[in-house]
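> Below is the sequence, then the predicted model.
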Amino acid sequence: MDDIPDQLLLNTDIDSVIVLLVDDQPMIDEAVRRNLAGESDIELHYCADAMQAVIEAEKIKPTVILQDLVMPGFDGFSLIKDYKVNRCTRNIPVIALSTKEDPATKSRAFEAGYSDYIVKLPDPIELAARLRYHSRSFNATTQLDRAYRALRVSQQQLLDTNLFLQRANNKLQRLINSDGLTGLSNRRHFDEFLEAEWRRVSSEHLEISLMMIDVDFFKLFNDSFGHLAGDEALRCVASAMRETITNENYLSARYGGEEFAAILPGTSSHETKVIAEKLRENVELLNIPHNSPHPDSVVTVSIGLATFAPTSLESSKLLIEFADKGLYLAKGSGRNQVAIYRE
């Protein structure tokens, strides 16, 4: 459907009949007016100059154009082309008004884009009926176009609203799932993710690994350097985790206090140890000064690992329990180490 200009959409009354008569002979205007004198619903406008017809149509916004085919300087066949290329007039029905009755002329008129063909001068009842018919058709199309436009606007507004809500929901979900200090996933999201991935790898007969990470001598760090420095150290450790654990299928989280965790679905014990060693090295390379266990120490982490190929009867708590035991082994062996617990 061609778009109808906004100004034409103002003609919302389907029974509105606004006629523009284009004919170089004023006597035709007088005759048409007499024929329509009793039709109070039909509003007639007259244009004697074909060169001004398009401008006049833009001004009065007719629902139908009634025009002569033969006019001096500018015939009806040329004029209808101008209507069709003008955005304001291209959808308005145009009725040819002619003295010629031969089929060839009528055929040419319809091929040119005329909606109807009337031989001068028709019966008043027939003339009014044709004008009303084409006006109602045009008005109905106009109303349909307006409704279609309103629907498109509503659909776009709905899409925009949905997109806004989706973005807001995603932002809220990130806030709900994120640790406020480090930006990593929080304990709640960790628990949900572990349960979901535990069930998935169990059904797909895959392995799942867990890293439990603890900042070494962190209480002493806070006591010596203050809690603000402690918070900054935790943020730096979190940054090292983001840079090291980059697989989008993994989850890095702050487990609580100075303890972090990383869930690695579909990852073997060997692969997990390689990643853990890299993380341990990256934290050490941050060179965050610490005075424990020695005055010239830096902040380090101990990491415990566990890997399971779970069954549906086993609980994900076993993975946490074993990774915790691995962490105790790392700490018991002098800290700044990676240890794997195997039953």
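Yep, that arrived. Residues are numbered from 1 along each chain as shown.
> which residues in the stretch 201-343 of the chain form helices?
Using DSSP state H, counting those that start in this stretch, the helices found in the stretch 201-343 of the chain span residues 218-225, 227-244, 269-284, 317-332.
> Ok, which of these comes nearest residue 182?
Closest to residue 182 of the helices of the stretch 201-343 of the chain is helix 227-244 (Cβ to Cβ; 3.6 Å). (Glycine included, C-beta is placed from N, CA and C.)
> Tell me which residues are up against the closest one.
With contact meaning Cβ atoms under 8 Å, 6 or more residues apart in numbering, helix 227-244 is reached by 179, 181-184, 213, 215, 218, 221-222, 252, 254, 258, 260, 262, 275, 278-279, 282-283, 286, 288, 299, 301.
> Quick one: buried ones out of these?
179, 182, 184, 213, 215, 218, 221-222, 252, 254, 258, 260, 262, 275, 279, 282-283, 288, 299, 301 (16 or more other Cβ atoms under 10 Å).
> Any idea how far apart the tips of stretch 301-314 sit?
Terminal residues of stretch 301-314 lie 30 Å apart, using Cα to Cα, to the nearest Å.
> Counting by contacts, list what the biggest helix by length in the chain packs against.
If you go by DSSP state H, the chain has its longest helix at helix 124-177. With contacts taken as 3 or more Cβ pairs under 8 Å, 6 or more residues apart in numbering; DSSP states H and E, helix 124-177 sits against strand 17-22, helix 26-35, strand 42-47, strand 64-68, strand 94-98, strand 116-119, helix 187-204.
> how about TSV for those, with mean pLDDT, distance to residue 226 and mean neighbour count added?
Listed next are the helices and strands packed on helix 124-177 as TSV, based on pLDDT from 0 to 100; distance: least, Cβ to Cβ, whole Å; neighbours: other Cβ atoms under 10 Å:
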stretch	mean pLDDT	distance to residue 226	mean neighbour count
strand 17-22	95	83	24
helix 26-35	93	96	15
strand 42-47	95	86	19
strand 64-68	94	85	25
strand 94-98	93	86	24
strand 116-119	93	91	16
helix 187-204	95	25	16
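> Could you dump these into JSON lines and include distance to residue 269?
Shown next, in JSON lines, are the helices and strands packed on helix 124-177 (distance: least, Cβ to Cβ, whole Å):
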{"stretch": "strand 17-22", "distance to residue 269": "84"}
{"stretch": "helix 26-35", "distance to residue 269": "96"}
{"stretch": "strand 42-47", "distance to residue 269": "88"}
{"stretch": "strand 64-68", "distance to residue 269": "83"}
{"stretch": "strand 94-98", "distance to residue 269": "83"}
{"stretch": "strand 116-119", "distance to residue 269": "85"}
{"stretch": "helix 187-204", "distance to residue 269": "14"}
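> Any idea which of these gets closest to residue 158?
Of all these, helix 187-204 sits nearest to residue 158, with 30.6 Å by Cβ to Cβ.
> Tell me the gap between that closest one and the middle of its chain.
31 Å (Cα atoms, centre = their mean, to the nearest Å).
> Run through who's touching it.
The contact list for helix 187-204, computed with Cβ under 8 Å, 6+ apart, reads 176-178, 185, 206-208, 210, 251, 253-256, 261, 263, 265-266, 309-312, 314, 316, 319-320.
> Quick check: which of the helices and strands packed on helix 124-177 is nearest to residue 134?
strand 64-68 (4.5 Å).
> could you say what helices and strands that closest one packs with?
Helices and strands touching strand 64-68, by 3+ Cβ pairs under 8 Å, 6+ apart, are strand 17-22, helix 53-60, helix 76-85, strand 94-98, helix 124-177.
> Render the CA-only coordinates of that strand in PDB, please.
Extracted in PDB, the C-alpha atoms of strand 64-68 (Å, rounded to 0.1, in the frame of the first residue of the first chain):
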ATOM      1  CA  VAL A  64     -12.100  12.500  -6.000                       C
ATOM      2  CA  ILE A  65     -11.000  14.400  -9.100                       C
ATOM      3  CA  LEU A  66     -13.300  14.900 -12.100                       C
ATOM      4  CA  GLN A  67     -11.500  16.200 -15.100                       C
ATOM      5  CA  ASP A  68     -11.800  16.800 -18.800                       C
END
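> burial measure for residue 207, as a count.
Residues within reach of residue 207, counting by other Cβ atoms under 10 Å, total 17.
> Any figure for the gap between the spatially closest residue to it that is not a sequence neighbour and residue 316?
Leaving aside its chain neighbours, residue 207 sits nearest to residue 309 (4.9 Å; criterion: Cβ to Cβ, 6 or more residues apart in numbering). Residue 309 sits 13 Å away from residue 316 when distances are taken as Cβ to Cβ, to the nearest Å.
> So which bits of stretch 283-299 are buried?
Residues of stretch 283-299 classed as buried by neighbour count (16+ other Cβ under 10 Å): 283, 288, 290, 292, 297, 299.
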